[in-house]
Structures are given as C-alpha cells and as structure tokens.
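A.B. asks: Sequence isn't available, so here's the structure alone:
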C-alpha cells in the first residue's frame, strides 16, 4: 500500500500535470463543514471551488439542499445535478439577464435566486421576468467592507431593497454579504472583525423589517468566517474552499481543521543547473495570481521557486542531484479554486489508486445556455 495518504499506487499511468481529488477526504470535509455550521439547514456552500457535479452530489447525499455559485454555467451544472435551491451570487448584466431567465424556464425543479446592487440591474431583471411571465428571487448585495461589489448598509441600500420589493416580477429574497477581506489568522481577531462588519448588516435588516418589508434570508461569509456566522441563527453560511482546502488557508487559518483533498501531480521535466529542478506546473496548471509559494511539494518542502512561466516551474533545492528527470511529486496549491479551473478533468483516487476521471464541468463559461 502507498506510504502516504496522497500517494498513487499506479501513478505511472497518470499523465502530469494533473488535478487529483480524494473523495474520502472531500466527504470528511463536508461532514466537518456541516458540524461547524450547526446543521445542513444553515449551509449554502459555494460550488465555485470544486466545479464538479460529483462534489455537489456528495453534499446532497449528506443532506445539503442549498447552493451558491458565481456563473450561469455553475448554476446550470447545479440544476442538472438536481440541486433544489441555487443562488447565483453575481449580479447578472448584459446577456446574462436573459440567460438567467432561460435557465429558470428550463430548470423547473430548481428554485433560483440572484443578487443586485444597482437600480438599472433591478429594472432589467424586473422587465425580463415580467416578459417571461415568471418571478425572480432577488437578494440585495451588501458591501460589508470588502469593496468588491454590493452597496454599503444605509439609506441607499434600504432604498434599493424597497425598489426590489415593489418591482413586478421580483420577490425580495433577503440580503447577501460576503466578507472575503476578513482573514485574520487569530480567530478572536477574525471574530471581532466579522462581528463589527456584520453589525451594520443586521441593523439594515432590522430597519427593513421594521418598515414591513420581507427579509427572509441573510447569506453571509466564506470559509474563513462561516463558523462565526454560524452563531447567528438567521444566517445561511457559504463556505466554498472547505471542500478541498489549500495551502493558503492551511497556513492562515490553523483553527479550521479541514483536510487537503485536491492536489496536483507533477513531474521533473528537466534539471537545468546545480540545485535546480524544473517541473510541469506552469501558470496553466496552478493558480499564479499571487507571489510564491504558489504550490508546495509535499515530499520536497525545501524548495524555492526561482522561475515560473506558462508550462514550467523552476525550483531550487539541495536535493536536485538525487532526483531524476521523470520523478513524480504531489503538490498542494496555495489557491485551489482557480487551480481547479485550469484543468479539464480531475483524477479520482480511491484506496490509493487512480480509478477514474471526473470532468470539471463548471470551469466553462457556457454549458448549453
């Protein structure tokens, strides 16, 4: 049997670079996610990490019924899996308005919702829904400090929510607040920052409800903060990375005990100089938006990246002389979500052997709609 949990007995049959998924560890991460959230009813996990129908099915097998996604393609994939409830957590603009309407029309077994932070988008969604003879569930997207999307809690946000509530073809679904900027390593500092950011969201909800408006749901948080939001009984929590985990969160969030469940198989392709190895993990195989380390080789942790290009990663290591061209290694990516999107398929490892491949369906921008 393989000596390490990640070793593949038949690795010689697996071309590299490859995305490798370990379903037993994914299932355990889902169990831990449910336990931290306080039950499946408190969860609306984001599917942007795995982009795999099989992982959605694993979550549904454990009782999860609500999901969150970032693209029309991911929403279509979730509906094809039979997901009962899907939130497109990305303001649809341009042709994506009609694409969303088409998806709602062609997937009657799934309840869809989306979000907006703009008056023009609200009108566009209202007009499209009325023309199609349907009702769209619409969240107001709240900026609670990340300054990426959403409107800050306050009078402008309240006015937009009132507009949603009175617009034909729309149903006011609640508030969505993503706090991806809160990643403090110290869990107490993280909790304080999360609570401070969310106090204004809670106040907005109270104001809206006091005015007689329905605010049925609050969707909040990602993997770093969802255990904090889980303490609030009115919040649906939306971890994403937790299903696979990665090097970045392993180092920055030591209090969250998730397992690395998706790795990269790589091989030495050249030895360009003293203490140097070149492996096949270029920009097109591992997410490269941040500084090094972009990946850590589990059996070769003493490396330092000295060059990175489209198909090559050059590493400095004192062990270079002992490692032949063709030697295989397993790497944990710093950021797993965009890494998954670089691969057409995931190699599935069960009982120490590569047994099948799963197509990364959600990496595309368009499936059928």
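C.D. replies: Alright, I've got the coordinates. Here the structure is a predicted model, which is why all the values come from computation and not from measurement.
A.B. asks: all contacts plus neighbour counts: C-alpha atoms, from now on.
C.D. replies: Will do.
A.B. asks: what about this protein, any weak spots by pLDDT?
C.D. replies: Along the chain, segments meeting pLDDT under 70 span 1-2.
A.B. asks: so what are the domain limits for it?
C.D. replies: 11-19+261-363, 23-244 (automatic domain parsing).
A.B. asks: What's the end-to-end length of the last one?
C.D. replies: Across its full length, domain 23-244 reaches 10 Å between end residues, using C-alpha to C-alpha, to the nearest Å.
A.B. asks: Make TSV out of the domains of the chain and add mean neighbour count and distance to residue 255.
C.D. replies: Shown next, in TSV, are the domains of the chain (neighbours: other C-alpha atoms under 10 Å; distance: least, C-alpha to C-alpha, whole Å):
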stretch	mean neighbour count	distance to residue 255
domain 11-19+261-363	19	17
domain 23-244	20	7
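A.B. asks: got TSV for those, with distance to residue 250 too?
C.D. replies: Listed next are the domains of the chain as TSV, based on distance: least, C-alpha to C-alpha, whole Å:
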stretch	distance to residue 250
domain 11-19+261-363	9
domain 23-244	10
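A.B. asks: Please name the bridge partners of residue 218.
C.D. replies: On the basis of DSSP bridges, residue 218 is bridged to residue 175, residue 235.
A.B. asks: ok, it touching residue 178?
C.D. replies: No - applying C-alpha atoms under 8 Å as the test, residue 218 and residue 178 come out as separate, 10.5 Å apart.
A.B. asks: mind checking how far residue 127 is from residue 167?
C.D. replies: To residue 167, residue 127 is 9 Å away according to C-alpha to C-alpha.
A.B. asks: again with residue 84
C.D. replies: For residue 84, the distance to residue 167 - C-alpha to C-alpha - is 25 Å.
A.B. asks: now swap in residue 251 and tell me
C.D. replies: Residue 251 is 46 Å from residue 167, by C-alpha to C-alpha.
A.B. asks: residue boundaries of the helices in the stretch 201-350 of the chain?
C.D. replies: 226-229, 247-252, 336-340 (DSSP state H, counting those that start in this stretch).
A.B. asks: excluding its backbone neighbours, what's nearest residue 152?
C.D. replies: Of all residues not flanking residue 152 in the chain, residue 143 sits nearest, at 4.8 Å (C-alpha to C-alpha, 6 or more residues apart in numbering).
A.B. asks: Good, wrapping up.
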